[in-house]
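S.K.: With the input below, show me the fold.
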Amino acid sequence: MKKNKIIFAIIGILLLSSCEDFLDVKPSNSADSATSILTVDDAKVAMSGIMRNMTSYNYYGRNFLIYADAKGGDFAIASAGRGLDGLYQFNHSQTSGSYSGYWDHLYQCILQVNNLLENIEKIEAAGNGTNQLLEYKGQALTARALIYFDLVRLYGKPYNMDKTSLGVPLELKVVDAAAQPTRATVEAVYNQVVADLVAGAPLMSKSIQKGYINYYANMAIQARVYLHMDNFTAALAAAETIINDGVYSLYDNDKWYDSWSNEFGSESIFEIAMNENEGDLGGSSLGYYLLPLGHITGASGWFMASDYYLDRLNEDPTDVRWSVMAEDETSTDVEPRFGSCMKYVGGHDMKGDKGKASATNVKVIRLSEIYLIAAEAALRLPSPNKIKAKDYLNEIRKRAPALEPATEATITLEMIIDEKSKELFTEGNRYWDMMRLGWQIELNDDFIQPAISIPHRDKIIDRTFYKTILPIAQDEIDANPAIGEQQNPGY
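M.R.: Model (predicted):
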């Protein structure tokens, strides 16, 4: 990887540790990554820095979540050129529109994780290991698994499409600045993800860890990963561990809207803190990117719901999830259109979950997703369990009270995936489902006015289209020529 990635990662660990409101403790005084983590308190600081780094605009703070809705057909753009519309248009090449920020930033996060893990190993080797240190080790392993899972989906083909194709480089140690690692296969990356999750799970607490990863976050990530691997038995087992243990609970319909203006609700399995003046991104936050044009200063109407999403939601006009939708810039008195989503500004009052619109925590994994994973996994078992499938689905389908509950006779995979779209809108899910299932994606191009030319893709695509995975950026190839021979096909 590039030298500046290692430098920024090390500096990031130290600088992030100075935010005492968030981190509470200070690290040992050293700029040397090999000696900067000497105690359990230092490990806590480093883990807090990793969580903070994951809220970057290049990751869960904004762009990674936008990626899946913009490409998966649930978003539309009203105009080109406002920002990130290249994701919607699939306007990618290795020299422009590569969106290399994903690659650069996620590998910075991995470097931080590897630094922490190596130093924990040194502390343990010196005979100073503790249960709390094991907790941070489990969190770090789980974080690395999630980051690699996200990387391989961005840059590699779906596991069930071609697991022998190239994924991303696997870096499990802090590498020398001159290192030039090459890409591992998709299968190798998934195997490492599973290995880290399995190793990390027993090290962590089953208690709620606000703003951090715990045992149940690990199990939730396992459920996601196994679903992508078509291992439905393992996906269901992981999901049911969370459901049956009862540490988290689904919101009642009258509490669902308010959950978006409250931190760490009963559904939040993994939620990352976004605090005012501590990297909350301000007018560049995820919430602002989803506001209607001109709604407040800085809101430029980047993305709104597609017609296809609204048609799906409108299967029941009383669906509680309409409560977070607001009129978008195309709305008129004659034809109101509720295409703007207010989840990530804390609802219509726009006070976030701490009094400021942009200071709204990122809900990475919620319990409702786990129910929907369980429903799909149960339906797709070698011997389908339609009773479990319809029961898990109906727990979420209750949010549309006018819809008939699913039955053993009526439940379908399409019904479950549509429910995931409705429930997880703007939460970075839709595209990944469409890719792993091999389903066609229809983009809402006719929504754009005045009409623009979109030469980079067709209106309807599927995962055989080469631009459904990102290119390795030219800057990365220049810094690491060895990877240049491993560019994704078509670029």
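S.K.: what about Asp280, how many neighbours?
M.R.: For Asp280, the tally of surrounding residues (other CB atoms under 10 Å) stands at 22. From N, CA and C alone the C-beta is placed, and that goes for glycine too.
S.K.: Residue numbering should commence at 24 henceforth.
M.R.: Renumbered: residue one is now 24, and that last one reads Asp303.
S.K.: how close does it get to Gln497?
M.R.: From Asp303 across to Gln497, the span is 32 Å (CB to CB, to the nearest Å).
S.K.: Next: Arg335.
M.R.: 39 Å.
S.K.: With Ala296 instead?
M.R.: Distance of Ala296 to Gln497, given as CB to CB: 35 Å.
S.K.: Compare neighbour counts for those two and give me the winner.
M.R.: When Ala296 and Gln497 are compared on other CB under 10 Å, the one with more neighbours turns out to be Ala296, at 23 against 17.
S.K.: Quick check: phi and psi on the more buried one?
M.R.: Here is the backbone geometry of Ala296 (degrees, to the nearest 10): phi -70, psi 140.
S.K.: for Ile265, same thing?
M.R.: Dihedral pair for Ile265: phi -70, psi -50, per degrees, to the nearest 10.
S.K.: my guess is it contacts Gln245, does it?
M.R.: No. Taking contact to mean CB atoms under 8 Å, the distance of 9.7 Å between Ile265 and Gln245 leaves them out of contact.
S.K.: ok, so what distance separates the residue lying closest to Asp468 once chain neighbours are set aside from Phe287?
M.R.: The shortest distance from Asp468 to any residue other than its chain neighbours is 5.3 Å, reached at Lys482 (CB to CB, 6 or more residues apart in numbering). Relative to Phe287, Lys482 is positioned 41 Å away (CB to CB).
S.K.: for Met252, same thing?
M.R.: 30 Å.
S.K.: Neighbour count for the two, which is higher?
M.R.: Just comparing Met252 and Phe287: by other CB under 10 Å the higher neighbour count belongs to Met252, 20 against 16.
S.K.: Please name every helix or strand in contact with whichever strand or helix holds Ile506.
M.R.: Secondary structure assigned from DSSP states H and E places Ile506 in helix 504-507. In this structure, helix 504-507 makes packing contacts with helix 497-502, judged by 3 or more CB pairs under 8 Å, 6 or more residues apart in numbering; DSSP states H and E.
S.K.: name the helices or strands packed onto the helix it packs on?
M.R.: When contacts are defined as 3+ CB pairs under 8 Å, 6+ apart, helix 497-502 sits against helix 504-507.
S.K.: For the helix it packs on, C-alpha coordinates in PDB please.
M.R.: These are the backbone C-alpha positions of helix 504-507, laid out as PDB (Å, rounded to 0.1, in the frame of the first residue of the first chain):
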ATOM      1  CA  PRO A 504       2.700  -1.700 -10.200                       C
ATOM      2  CA  ALA A 505       2.400  -5.400  -9.200                       C
ATOM      3  CA  ILE A 506      -1.400  -4.900  -8.800                       C
ATOM      4  CA  GLY A 507      -1.600  -3.300 -12.200                       C
END
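S.K.: now that helix, how far from the centre of its chain.
M.R.: Average the C-alpha atoms of helix 504-507, do the same for its chain, and the two points are 28 Å apart (CA atoms, centre = their mean, to the nearest Å).
S.K.: Repeat that for stretch 452-472.
M.R.: For stretch 452-472, the gap between its own C-alpha mean and the chain's C-alpha mean amounts to 17 Å (CA atoms, centre = their mean).
S.K.: Quick check: next helix or strand after the helix or strand of the chain at the bottom of the mean pLDDT ranking?
M.R.: Using mean pLDDT, DSSP states H and E, the weakest-scoring helix or strand in the chain turns out to be helix 43-46, at a mean of 32. Taking DSSP H and E as the definition, the helix or strand that follows helix 43-46 towards the C-terminus is helix 63-76.
S.K.: Report all helices and strands that that following helix contacts.
M.R.: Under the contact rule (3+ CB pairs under 8 Å, 6+ apart), helix 63-76 is packed against helix 26-39, helix 43-46, helix 124-148, helix 154-178.
S.K.: Next secondary structure after it?
M.R.: Per DSSP H and E, the first helix or strand lying C-terminal to helix 63-76 is helix 86-95.
S.K.: for that next one, what is the average pLDDT?
M.R.: Here helix 86-95 scores 97 as its mean pLDDT.
S.K.: That one packs against which elements?
M.R.: For helix 86-95, the helices and strands in contact under the criterion 3+ CB pairs under 8 Å, 6+ apart are helix 108-112, helix 124-148, helix 309-312, helix 453-460.
S.K.: hey, which of these is tucked in deepest?
M.R.: Comparing the helices and strands packed on helix 86-95 by mean neighbour count (mean count of other CB atoms under 10 Å), helix 309-312 comes out on top with a mean of 26.
S.K.: Show me what that one is packed up against.
M.R.: In this structure, helix 309-312 packs against helix 86-95, with contacts taken as 3+ CB pairs under 8 Å, 6+ apart.
S.K.: Alpha carbons only: can I get the helix it packs on in CSV?
M.R.: Written as CSV, here are the backbone C-alpha positions of helix 86-95 (Å, rounded to 0.1, in the frame of the first residue of the first chain):
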residue,chain,number,x,y,z
ASN,A,86,-20.3,7.4,1.0
PHE,A,87,-20.5,3.7,1.7
LEU,A,88,-24.1,3.8,2.7
ILE,A,89,-25.0,6.0,-0.3
TYR,A,90,-23.2,3.5,-2.6
ALA,A,91,-25.7,0.7,-2.1
ASP,A,92,-28.9,2.8,-2.5
ALA,A,93,-27.6,4.8,-5.5
LYS,A,94,-26.6,1.7,-7.4
GLY,A,95,-29.3,-0.6,-6.2
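S.K.: tilt between that helix and helix 154-178?
M.R.: Counting by axes from the mean of the first three to the mean of the last three CA atoms, to 10 degrees, helix 86-95 points 30 degrees away from the direction of helix 154-178.
S.K.: Could you pull out the helices in the stretch 224-373 of the chain for me?
M.R.: With DSSP state H, counting those that start in this stretch applied, the stretch 224-373 of the chain shows helices at 238-251, 255-268, 276-279, 309-312, 330-336, listed in chain order.
S.K.: Comparing the ones you listed by mean pLDDT, which bottoms out?
M.R.: helix 309-312 (a mean of 92).
S.K.: what's the distance between it and the middle of its chain?
M.R.: Relative to the mean C-alpha coordinate of its chain, helix 309-312 is positioned 15 Å out (CA atoms, centre = their mean).
S.K.: My guess is Glu290 contacts Leu390. True?
M.R.: Yes. Taking CB under 8 Å as the definition, Glu290 is a contact partner of Leu390 at 4.2 Å.
S.K.: So between these two, which is more surrounded?
M.R.: When Glu290 and Leu390 are compared on other CB under 10 Å, the one with more neighbours turns out to be Leu390, at 24 against 21.
S.K.: Now the more buried one: phi and psi?
M.R.: In this entry, Leu390 is assigned phi and psi values of phi -60, psi -30 (degrees, to the nearest 10).
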